[in-house]
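Trainee: Can you look at this prediction? I've put the sequence above it.
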Amino acid sequence: MSGGGVLHSELTLHQTPDSITVAAKGAPHSLSINTNTLEVGVGPATVASPGRQICGIIGIINLPLSQYLILITEKTEIGPIDGQNIVWKMAKYELVPFHESRSAPESVKQLNETYLGLVHKALTGKSFYFSYTYDLSHTMQRLANVDESFGNLTYIERADERFVWNRYLLAQIEVCPELSGFALPLIFGVLSITTCSLFGKTFEFILFSRRNWNRIGVRYFCRGADDSGNVANNVETEQIVRFNGQIASHVNTRGSIPLFWSQRSNITYKPYVKLFNKEHQKDVFIRHMQQQIGLYGKNIIVSLIDNKGKEKEICQSFNYIAGQNLLPGVKFIHFDFHKECSKMQWHKLNLLIDQIRDDLDKYGYYFKDSQGQVSSTQSGVVRTNCIDCLDRTNVVQGLIARYILTKQLVQMGVVEEGGQIPATSQFEYVFKNRWADNGDGIAYQYTGTPALKSDYTRTGVRTRGGLLHDGYKSMQRYVQNNFLDGARQDSYDLIVGNHRYSGSEESPLAKAKHPVGIFLPAIIGVFIALLIMKLVMPEETWMSQLSHIALYMAVIAFLLKQCISWGDHLVDQPRLCHTLAKAKAE
């Protein structure tokens with residue numbers, strides 16, 4: 001959708017010792033940066049110095065050595081989301097420094113490298129999408145309901161701020177109205193556009209998950225809701241079908257349980273869930289659901305968590321609060337996924353679909369006919385959660401999407417009235433795998449690994465091989481969540497502006513880590529090495545060797561016990577915003 005704002009697509013970068021300029025074909029102005037004064041402003045349309053082609057501007061970030069202009073240097077075409085407007089995925093990016101001081105102290109240079117590492121960690125996920133001619137931040141239905149003034153706004157002004165990941169980075173560009181064409185909104189999520197065939201009819205199947213950057217984070221360092229009602233792992237998923245000029249779309253949402261709770265990594269396999277601010281749980285639940293109602297209309301909350309073990313307390317708290325019917329138009333269903341589907345009884349998921357079928361029919365979906373007339377809209381959503389809002393949630397959202405998709409294909413004339421999608425069709429394979437890929441992408445962004453239970457999403461059958469593969473992925477998650485995720489959390493907080501580097505105060509990254517996290521693993525390593533030496537290098541008497549082996553094993557056992565006690569300091573903790581000290585204060 002184009003309008004008052006135009007995004008520039010043919011850009012060139014020009015650099016001299018005193019300036020950085022980005023010019024655009026057909027634009028009346030260029031973006032000009034004075035590398036001496038560090039001022040960002042409007043420059044002439046034409047630039048004399050030689051340049052090189054770039055694809056877009058992500059924004060500007062301030063780091064210890066310099067401010068950096070972040071550029072998209074290569075892109076990959078995904079396809080037309082509405083039949084006309086092309087969507088691209090960022091393939092490569094580059095950071096161009098305004099001015100790096102060579103005389104800076106070594107400590108500042110090292111700190112700058114640490115910050116650069118976080119920027120790279122945030123941007124290398126290859127899940128950033130953009131379009132020069134279409135507003136990707138809105139669903140089909142939202143775009144169909146805008147008034148005339150919407151088209152007069154720039155792309156950054158009219159975007160849904162929840163999904164524009166570089167809004168903070170574009171701040172210095174956005175303040176200049178003449179540079180609005182350089183402010184390219186970047187959406188983080190999972191997008192696939194696939195040409196499919198069913199019953200001899202060809203259509204486009206599109207699946208687009210947009211990740212909300214409010215309360216952004218990774219699995220164990222970002223749970224539940226904040227004071228404003230924003231929740232962790234909040235994703236809006238839109239399924240779109242295009243056929244013969246007709247367009248249909250349906251939206252699902254997922255998000256962490258909207259209460260105050262945490263589950264910090266502490267080197268145990270599955271940390272305990274901790275509820276806090278218990279007297280305000282009802283208030284934050286209401287704030288979150290008011291957001292949902294304002295955005296999507298009526299809501300069915302489907303909670304899939306266990307009513308036992310470490311999930312029991314939060315399950316019962318959520319069931320109690322959500323089950324009070326505090327808001328009109330909000331229904332609550334608890335479906336204990338693991339209990340109901342135990343012993344491979346996955347057919348019981350149909351019981352859940354039966355519970356919400358009537359509401360799904362009432363909520364409907366967005367449909368625009370070949371004449372451009374909107375004949376129906378979606379009046380409500382299913383908001384699904386499990387403890388992570390990943391594996392169980394993926395399965396259920398896929399089943400809901402399939403039910404709605406069949407109705408859409410019937411209305412479009414692809415499937416006959418009363419018909420179904422054949423289990424052996426090529427499209428069945430595409431549908432299942434696109435939903436599995438969607439689940440893997442969302443899971444990777446939150447946990448650093450693909451989704452569990454994806455064998456069911458891909459094949460419709462839960463297998464023992466899938467269980468074994470899930471075991472392997474669970475071990476990957478354990479390592480990722482305990483020893484690698486602190487830096488990943490910091491990278492998210494840095495890129496969206498939750499943390500902003502200021503040279504006037506000491507950076508949290510400059511502070512030394514707790515010594516236990518350094519010395520305890522080293523000491524364990526030394527004693528393991530000594531134990532191995534005693535096992536492979538015999539002593540003069542077997543009694544002496546056994547006594548040494550027993551001693552080393554006892555010391556290692558003692559040290560491993562200390563690891564449990566000091567687990568908080570052995571974990572790779574975030575150091576910018578979601579710190580251990582802040583979590584303990586809560």
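Mentor: Nice, thanks for sending it over. Numbering: from 1, shown residues only.
Trainee: longest helix in the protein, by residue count?
Mentor: The residue-count maximum for a helix in the chain (DSSP state H) belongs to helix 542-565.
Trainee: Contacts for it next, please.
Mentor: Contacts with helix 542-565, where a contact means C-beta atoms under 8 Å, 6 or more residues apart in numbering, come from 267-268, 520, 523-524, 527-528, 530-531, 534-535, 538-539, 570. C-beta here means a position set from N, CA and C on the backbone, and glycine is covered the same way.
Trainee: go again using 6 Å as the cut-off
Mentor: Ile524, Phe527, Leu530, Leu531, Lys534, Glu539, Leu570 (C-beta atoms under 6 Å, 6 or more residues apart in numbering).
Trainee: following that helix, which helix or strand comes up?
Mentor: Note on helix 542-565: by DSSP states H and E, the next helix or strand toward the C-terminus is helix 567-570.
Trainee: Which of the residues in that following helix are classified as buried?
Mentor: Gly567, Asp568, His569, Leu570 (16 or more other C-beta atoms under 10 Å).
Trainee: And the pLDDT at Leu304?
Mentor: For Leu304, the model assigns a pLDDT of 98.
Trainee: same question but for Gly460, I mixed them up
Mentor: Value listed for Gly460 in the pLDDT field: 77.
Trainee: Find the residue ranges of the protein scoring beneath the pLDDT cut-off.
Mentor: Applying pLDDT under 70 to the chain picks out residues 1-4, 584, 586.
Trainee: State which strand of it is the longest.
Mentor: Using DSSP state E to define each element, the chain has its longest strand at strand 67-80.
Trainee: Pairing partners for the following helix or strand past it, with directions?
Mentor: Using DSSP H and E, the helix or strand that follows strand 67-80 in sequence is strand 86-97. Here strand 86-97 has these sheet partners by DSSP bridges: strand 67-80 (antiparallel), strand 128-130 (antiparallel).
Trainee: mind giving me the domain split of the protein?
Mentor: Listed domain ranges for the chain are 11-182, 188-494, 512-585 (source: automatic domain parsing).
Trainee: Which one of the contacts of helix 542-565 sits in the busiest neighbourhood?
Mentor: Among the contacts of helix 542-565, Leu570 has the most neighbours (other C-beta atoms under 10 Å), with 22 neighbours.
Trainee: for it, what are its contacts?
Mentor: Neighbouring residues of Leu570 by C-beta under 6 Å, 6+ apart: Ile267, Gly517, Cys563.
Trainee: cool, and His569?
Mentor: Neighbour list for His569: His514, Val516, Gly517 [criterion: C-beta under 6 Å, 6+ apart].
Trainee: so what does the helix or strand hosting the last one touch, helix or strand wise?
Mentor: So the one you mean is Gly517. For Gly517, the element it lies in under DSSP H and E is helix 516-536. Counting contacts by 3 or more C-beta pairs under 6 Å, 6 or more residues apart in numbering; DSSP states H and E, helix 516-536 packs against helix 542-565, helix 567-570.
Trainee: so how far does stretch 97-111 reach from one end to the other?
Mentor: 15 Å (C-alpha to C-alpha, to the nearest Å).
Trainee: let me redo that: stretch 136-143
Mentor: By C-alpha to C-alpha, one end of stretch 136-143 lies 10 Å from the other end.
Trainee: about what we covered before: of the contacts of His569, just the buried ones, PyMOL syntax please.
Mentor: Buried members of those, defined by 16+ other C-beta under 10 Å, are picked up in PyMOL with:
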select buried, resi 516
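Trainee: any idea which of the contacts of His569 is closest to Lys92?
Mentor: Here the nearest of the contacts of His569 to Lys92, counting by C-beta to C-beta, is Gly517; it sits at 34.6 Å.
Trainee: if you skip the residues just before and after it, what's nearest to that closest one?
Mentor: Nearest non-adjacent residue to Gly517, counting by C-beta to C-beta, 6 or more residues apart in numbering: His569, 4.6 Å away.
Trainee: quick one: the one you found and Leu111, what's the gap?
Mentor: 22 Å (C-beta to C-beta, to the nearest Å).
Trainee: Where do the strands of the stretch 301-450 of the chain begin and end?
Mentor: In the stretch 301-450 of the chain, the strands defined using DSSP state E, counting those that start in this stretch lie at 330-334, 366-368, 374-376, 380-385.
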